[in-house]
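Peer 1: Provided below for reference: sequence and predicted model.
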Amino acid sequence: MERIEIRRFTPEDRDWLIAQHRIHYARDEGFDESFGVLVAQIIDDFLDQHDPTCETGWIAQRGEERLGSIFCVKLNAAQAKLRLFFLMPKARGQGLAKRMLETCTGFAKDRGYRSMHLWTHESHRAAGALYARNGWTMTDSRSVVSFGRDNVEQTWEILL
């Protein structure tokens with residue numbers, strides 16, 4: 001079996017990443033099309049405006065098959081934001097999520113950020129457990145209606 005590489009995101013990954021978010025979050029979470037629109041906007045903004053000296057994205061890939069993504073973007077001079085953390089179902093449970101998280105937080109620390117923040121949903125229990133095991137703290141949780149359904153949004157943070 002080929003080794004899984006974590007490589008830099010390129011514009012050629014855009015359509016695949018948007019499609020995977022749309023497919024999996026609609027099927028697994030019941031999210032409506034507004035979620036795919038948000039993901040497309042985040043990626044397009046990143047492609048148009050990111051500063052490669054302090055922001056980047058990664059794609060996990062085995063051979064020609066893409067398996068996931070994670071992004072580090074600047075929130076302010078001291079804080080980065082983790083975005084678009086996604087793993088294909090077949091890539092879960094192999095330690096890849098931890099590798100990707102470490103890649104992203106290591107990049108942020110190396111770029112001088114003092115902390116990171118992320119936004120997710122309570123229904124992503126495995127992700128929440130991963131964050132907690134790796135030093136992240138949930139700092140906010142609130143009930144909302146988003147993406148066509150009731151959700152509980154969570155904010156997590158870590159000091160680097």
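Peer 2: Yep, that arrived.

Peer 1: hmm, residue 84 is touching residue 69, no?
Peer 2: Yes. Counting by Cβ atoms under 8 Å, residue 84 does reach residue 69; the two are 5.2 Å apart. (Glycine included, C-beta is placed from N, CA and C.)

Peer 1: how many residues are close by residue 132?
Peer 2: 12 (other Cβ atoms under 10 Å).

Peer 1: show me what contacts it?
Peer 2: residue 138 (Cβ atoms under 8 Å, 6 or more residues apart in numbering).

Peer 1: and it, that's in a helix?
Peer 2: Yes. Using DSSP: H, G, I helix; E, B strand; the rest coil, the assignment for residue 132 is a helix.

Peer 1: report pLDDT for it.
Peer 2: Looking at residue 132, its pLDDT reads 93.

Peer 1: what's the separation between it and residue 88?
Peer 2: Residue 132 sits 23 Å away from residue 88, going by Cβ to Cβ, to the nearest Å.
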